[in-house]
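Chemist: return atomic coordinates for the entry below.
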Amino acid sequence: MLRTYGIMLNPNKCLFGAKSGWFLGYIVTERGIEANPSKVKVLQDMPTPRNIKEAQCLTSWITALSQFISKSSDRSLPFFKILRRATKFQWDSECDRTFEELKVYPNSFPVLAKLTVGATPSDREEARLLRRRASRFTLIGDQLYKKAFSRALLKCVISEDIDYILREVHQGSYGGHPSGRSLARKILLAGYFWPTLQEGAAQTMATCLSCQRYHNLPHQPTEEMKTSTVSCSFNQWGMDIMGSFLTGQRKFLLVAVDYFSKWVEVESLARITEQMDQKFIWQHIICRFRIPRQLVLDNGRQFAEHNSKNGVRGIAFSRSSPP
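Modeler: Numbers count the residues shown, from 1 in each chain. Model (predicted):
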């Protein structure tokens, strides 16, 4: 055939009988064309774009790997919307979420390259990490599996099947609406795996309407509880605002409770301002009892400016919860 068309070959540049090799920046094997691990690494190490030029650079790398990313046009749609608004760069939460998902998606590319053709990065440390990671996977035919300890191989699923598996195991015929951790465990026992399994299971439970409506309410505090040490009466007070009430002109109650004796001081007010708040502290706490060591306030804007300059010197003001 070569002699018929007069084609000459350089023997030094020819390699016959090879099962794989590099060509035009891609890995060509008997299975087809594989992604270049160096291009994948550039995409995964890329920082969040801060301007139009960096967004254009991101879309160019996505285009270079588009044939290896399922529905790449749909995945990169938020980035192209930014480029349409060429006069104004606005990186929103949707772009942030899509960018993080896109960086996670090609995680299996270097592993596939290692398992199929033994290709490794030129950097010695990166090659060592890749070999260590690839040892946890195996390739049977065209399907990638993850090796699991004391159980069968786990099938690595593509992104198009993730939502279906989560929905079927969580609320299918035998789902039972398990919690996030239990849902992830049931999926592993069913023989499926993907890198963001734990996060996807937690997100599925958090967005399930039935779980939010009928699930047992957690009684665990949202933050670490603080120890309250009160040595005597009227030494530490807690203040809060109640209302508004529908009857009468005075619709609000300003309440102060002593931490030690549980003594309550209350005043009804038509409106609550910073000045009225300071007047209440002076008349109902300081003049009736004494200057307290500490006042615990909430994050209401009426309490926002309390400090030693506009209050009474010697009183420590603290918040019942972080702002």
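Chemist: now do the helices in the stretch 151-300 of the chain.
Modeler: Ranges of helices within the stretch 151-300 of the chain are 159-171, 180-190, 197-206, 209-214, 274-280, based on DSSP state H, counting those that start in this stretch.
Chemist: got the buried residues for the second one?
Modeler: Which is helix 180-190. Buried residues in helix 180-190, defined by neighbour count with 16 or more other Cβ atoms under 10 Å: 180, 183-184, 186-187. For glycine as for every other residue, the C-beta is placed from the backbone atoms N, C-alpha and C.
Chemist: over to the longest one?
Modeler: Residues 162, 165-166, 169-171 are the ones in helix 159-171 that count as buried (16+ other Cβ under 10 Å).
Chemist: confidence score at V257?
Modeler: On the pLDDT scale, V257 is placed at 92.
Chemist: hang on, isn't it packed against G238?
Modeler: Yes. Using Cβ atoms under 8 Å, V257 is in contact with G238, at 5.1 Å.
Chemist: now do the contacts for the nearest residue to A184 once chain neighbours are set aside.
Modeler: Among residues not flanking A184 along the chain, A201 sits closest, at 4.1 Å (Cβ to Cβ, 6 or more residues apart in numbering). A201 makes contacts with 166, 170, 180-181, 183-184, 187, as judged by Cβ atoms under 8 Å, 6 or more residues apart in numbering.
Chemist: just name the closest of those residues to R75, please.
Modeler: Distances from R75 to those, taken as Cβ to Cβ, are shortest for L166 (18.5 Å).
Chemist: for the closest one, which residues are in contact?
Modeler: When contacts are counted by Cβ under 8 Å, 6+ apart, L166 touches 183, 187, 200-201, 204.
Chemist: circling back to that earlier point, can I get the buried residues of helix 159-171 in JSON lines with distance to L209 and pLDDT?
Modeler: Compiled in JSON lines, the buried residues of helix 159-171 are given as follows (distance: Cβ to Cβ, whole Å; pLDDT from 0 to 100):
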{"residue": "I162", "distance to L209": "20", "pLDDT": "87"}
{"residue": "I165", "distance to L209": "19", "pLDDT": "91"}
{"residue": "L166", "distance to L209": "15", "pLDDT": "91"}
{"residue": "V169", "distance to L209": "17", "pLDDT": "91"}
{"residue": "H170", "distance to L209": "12", "pLDDT": "90"}
{"residue": "Q171", "distance to L209": "10", "pLDDT": "87"}
